[in-house]
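> sequence-free structure coming up:
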């Protein structure tokens, strides 16, 4: 749970800014005496040891607000600070990157200090040993002796001296490093972002021609290897029309969307495909303000094309020119001042946003936490509207700080969210120096060594072949892809495995199955994982999987979620139905998403064309808000998908042992191109028990190419004929 979002406002006016409690003269005198009387002796005491913590990855149990992140306590500056929520206990932790012998810790407290706290050490970030404990902390600058070793060091606060939280200007760990994990010296964080990251500022010449050149290459490059990330630095850009093609991400580098003002358009249309937008995949726009030339921006996309943290100073058209077919899409944390017009879009999901209006719906329009959303009306009109989103944490994003340095901002978890979380999004900034900046061609071994050392991971645009899984074992690790960086597992390995730890953030990359059959492309938590992560869930955002299309690929399961308390926020898991290497036996894959963990939430779930269950849910208390699905097109006959006595595998299956599950706004479509006589018994299958509930379900036969006998279990009218009219169930059971 977050502290109240306006905690500063709860303080007396004189205490809102603690600096205002001191006169300028007093502040200067205090700073001089602090530096002369306290800081110098502390440095002398550490003459034989090394400062190990500065610039390393820091995490905390909470932050007071977006201006007091954990990283501020290890940045070497006494002008910045970490502060916590106003409750006990609270902690601040630093990952030293490798096991070290720790000799002392210096705590430079702000006015809000701890009277009771512990210094704790850990080898894995999970099991902690007390190395120091006090119930009579003095505040100021305290240096405590420690005798122990560990990779992780934390201050665990148990009693506060004031009504506020815990606040540290600096948290300094001294000792002797045990060396790097790789044997050849530490792997360095930071560095350049590679040739396929284009960074513009308002003075850059010929921006439009550079954007046009990228689009000319990527407009129809659906299965090519080129990847691009386009960044706009803070400022105003006039007369821009960025047409965004495949594998292109366009982002602002401001802390807030309005820091980057585009007087022009961010455009996706479908001229390359004769006005059909159903294959406008794998592109994104994020973190900027757009003032469209015509008053309305066009964003005619399908799957895997997120629209995040955007301020549209006008309207938004989600259909291609000419209103051809469209099948998308996803909006989050965005403000559209005008009206959103989906027009020909068949389905859409919008989360935690603000809109000026919404014109229509075709089959399935779902809203959660959207201010200005149309009222609940399913099935006519086709709106499923939830006033809030139960849990959400917006995607990490890169920005430039006041010194021109790259930082990655990680927003805090929100509960019962409504509307955008900006400006001044609560969260934590992590400098790029705390990330391993990977380039195509790097080995999985090197990536894993960097992660084991304590670095986070940025994947720059390109293709990464992996001969072993990327292993994410440290709590709170951030893995951020730029420009649809693509992981390809070779020799049948998994692409990525995440340990059963708190708060991992995976965002912005594509996993493309290799020719060897991977058991799963992404696994979160080993089978049997049981730890609770309720206060700090792992989040998976804009992470996509593809089996086939770019060439033959195989996997048993795309994503397997074994950990509890995971939030899947926008994914498209796709067994390809077109492209190269496509066929019932050419790109086999049984299941798209398998959920074994409890308390897993999916917001914006797109899963298509798997040969058995597209989604199978075995964990308790699962929730899905919006599901878009097409059953596999290509089973050769009815027998190929016979599931015991049941005709076909449900698109969304809740296992019989589950007693608590809920879904809102779920749709499944059939289009059996190889044998249009195939009948699917139902699109959805679940135990008939009061705790398993569904709202606003639909199934559709696309042009009569096969049929559904029911919507869910034996409930709901069959589809029939070629009318492409949905069969619906508004509530089950």
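Done, it's in. Source: prediction; values computed, not measured.

> shaky segments in the protein?
Low-confidence segments of the chain, defined by pLDDT under 70: 1-48, 178-185.

> now the helices for it?
Counting by DSSP state H, one finds helices in the chain at the ranges 24-33, 40-45, 207-218, 444-452.

> in the longest one, which residues are buried?
Applying a neighbour-count criterion of 16 or more other Cβ atoms under 10 Å, one finds 207, 211, 214-215, 217-218 buried in helix 207-218. Heads up, the C-betas are built off the backbone N, CA and C, glycines and all.

> who's in contact with the spatially closest residue to residue 425 that is not a sequence neighbour?
Sequence neighbours aside, residue 411 is the residue nearest to residue 425 in space, at 5.1 Å (criterion: Cβ to Cβ, 6 or more residues apart in numbering). Residue 411 is in contact with 393-396, 421, 425-427, counting by Cβ atoms under 8 Å, 6 or more residues apart in numbering.

> which of those residues has the most neighbours?
Most neighbours among the contacts of residue 411, by other Cβ atoms under 10 Å: residue 394, with 29 neighbours.

> tell me which residue lies nearest the centroid of this structure.
For the chain, the residue nearest the mean C-alpha position is residue 541 (2.9 Å; Cα atoms, centre = their mean).

> which residues does that one bridge with?
Counting by DSSP bridges, residue 541 forms beta bridges with residue 507, residue 569.

> next one: the one 4 residues further on
When assigned by DSSP bridges, residue 545 has beta-bridge partners residue 511, residue 573.

> isn't residue 356 up against residue 336?
Yes - counting by Cβ atoms under 8 Å, residue 356 does reach residue 336; the two are 6.1 Å apart.

> joint contacts of those two?
Any residue near both residue 356 and residue 336 by Cβ under 8 Å, 6+ apart counts here, and that gives residue 315.

> give the contact list for the residue nearest to the centre of the chain.
Contacts here follow Cβ under 8 Å, 6+ apart; on that basis residue 541 touches 394-395, 505-508, 569-570.

> which one of the residues you listed is nearest residue 558?
Relative to residue 558, the closest of those is residue 506; by Cβ to Cβ it sits at 13.7 Å.

> which parts of the stretch 551-700 of the chain are strands?
555-561, 566-575, 591-595, 601-608, 615-617, 622-630, 642-643, 646-647, 652-654, 661-670, 679-685, 692-701 (DSSP state E, counting those that start in this stretch).

> meant to ask about the stretch 251-400 of the chain
Taking DSSP E, counting those that start in this stretch to define them, one finds strands in the stretch 251-400 of the chain at 260-267, 283-291, 296-298, 307-312, 315-317, 330-332, 335-341, 347-358, 364-371, 383-386, 389-392, 397-400.

> leaving out sequence neighbours, find the closest residue to residue 466.
In space, and not counting its chain neighbours, residue 466 is closest to residue 444: 4.4 Å by Cβ to Cβ, 6+ apart.

> so that neighbour is in contact with residue 459, correct?
No - contact between residue 444 and residue 459 fails when scored by Cβ under 8 Å: they sit 11.9 Å apart.

> between these two, who's got more neighbours?
residue 459 (28 against 22).

> doesn't residue 509 make contact with the more buried one?
Yes - using Cβ under 8 Å, residue 459 is in contact with residue 509, at 5.6 Å.

> picking that back up, and which of the contacts of residue 411 is nearest to residue 250?
The closest of the contacts of residue 411, once distances to residue 250 are taken by Cβ to Cβ, is residue 395, at 14.4 Å.

> so who does the closest one touch?
Counted by Cβ under 8 Å, 6+ apart, residue 395 has contacts 286, 306, 308, 332, 411, 507-508, 541-542, 569.

> between the residues you listed, which is nearest residue 124?
Nearest to residue 124, judged by Cβ to Cβ, of those is residue 507 at 24.2 Å.

> mind listing what's buried along stretch 582-602?
So stretch 582-602, judged by 16+ other Cβ under 10 Å, has buried residues 582, 587-602.

> looking at the strands of the stretch 251-400 of the chain, which is nearest to residue 237?
Comparing the strands of the stretch 251-400 of the chain by Cβ to Cβ, strand 260-267 comes nearest, at 5.3 Å.

> who does residue 347 bridge with?
Using DSSP bridges, the bridge partners assigned to residue 347 are residue 364.

> what's the burial count for it?
25.

> wait, it touches residue 363, no?
Yes - the criterion here is Cβ under 8 Å, and residue 347 meets it with residue 363 at 5.5 Å.

> need the contact list for residue 325.
If you count contacts by Cβ under 8 Å, 6+ apart, then residue 325 has 276-278, 344, 346 around it.
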